[in-house]
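Student: quick one, fold the following:
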Amino acid sequence: MAGHSQFKNIMYRKGAQDKKRAKMFAKLAKEITVAAKMGLPDPEYNPRLRAAIQAARAENMPKDNIERAIKRSTDQGGENYEEVRYEGFGPGGIGVIVETLTDNRNRTAGEVRAIFTKNGGNLGETGSVSFMFDRLGLIEYPADAASADAMIEAAIDAGADDCQSGPETHDLYSAPDALHEVSKALEARFGEPRSARIVWKPQNTISLDDEKAETVLKMLEALDDNDDVQQVYANFEMSDSVLEKMSA
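Tutor: Predicted structure coming up:
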């Protein structure tokens, strides 16, 4: 029986992972479709579409899925998605920015507000949180793409503003309007990056006790699980004990 229970547990976990993967692919496809609709359906001439495709490839999204998402941008009668940003506060006063693509603003606003409220947060006005973040271009390479020194040198040559190297990635930052040029220059040297996108980078982070941090994580996970939510940013840092619980 123990073996059977273990098998069921494995199957349950795989099912949960497959469901999460399918949801992630759906969000990536939505971004590809919107990017292609807003500009040319050719990534060479559409930086946002190029970034969306890079993000999809980094998550091993099948090529057929990517091509179908691009094709949907030219389909007559398809959904029209609107970009809406929500800002609010979570437990401990942390700032949270939620970027969405929605075909029903009222539905999305209600669902996002409910997630904040359920987890001890509250939705604020536009601009109530974003002033605590910088809007930047972020180009990500895996740590084994180059040494930290080589990446810094390349970042300077490419016109990036900052380069932060860690055990898993090299994160290179640029002005938003310079992202495409910087990314292309780095790609010529190191190949296609893992991702190249516009992000909200917190100017400072807030430390929370473990209880509040776990509540914040539940809130961020609930937001990320919402079909209309594309990206979530928050200005808090996790303690080692919370990180250990997450990886357990």
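Student: buried ones in the top strand by length along the chain?
Tutor: Using DSSP state E, we find that the single longest strand of the chain is strand 133-142. Neighbour-count burial for strand 133-142 flags 133, 136, 137, 138, 139, 140, 141 (criterion: 16 or more other Cβ atoms under 10 Å). Just so you know, the C-beta spots here come from the backbone N, C-alpha and C atoms, and that holds for glycine as well.
Student: show me what the host helix or strand of residue 106 is packed against.
Tutor: In this assignment (DSSP states H and E), residue 106 forms part of helix 105-118. Applying 3 or more Cβ pairs under 8 Å, 6 or more residues apart in numbering; DSSP states H and E, one finds that helix 105-118 contacts strand 82-89, strand 95-102, strand 122-124, helix 210-225.
Student: between those, which one is nearest to residue 234?
Tutor: When the helices and strands packed on helix 105-118 are compared by Cβ to Cβ, strand 95-102 sits nearest residue 234, at 4.8 Å.
Student: where are the low-confidence patches of this structure?
Tutor: For the chain, applying pLDDT under 70 flags the ranges 1-18, 76-78, 239-248.
Student: domains of this structure?
Tutor: Taking automatic domain parsing as the reference, the chain has its domains at 2-72, 82-131+204-247, 133-202.
Student: ends of the shortest one, what's the gap?
Tutor: One end of domain 133-202 to the other measures 4 Å (Cα to Cα, to the nearest Å).
Student: report the distance from it to the chain centre.
Tutor: Relative to its chain's centre, domain 133-202 lies at 16 Å (Cα atoms, centre = their mean, to the nearest Å).
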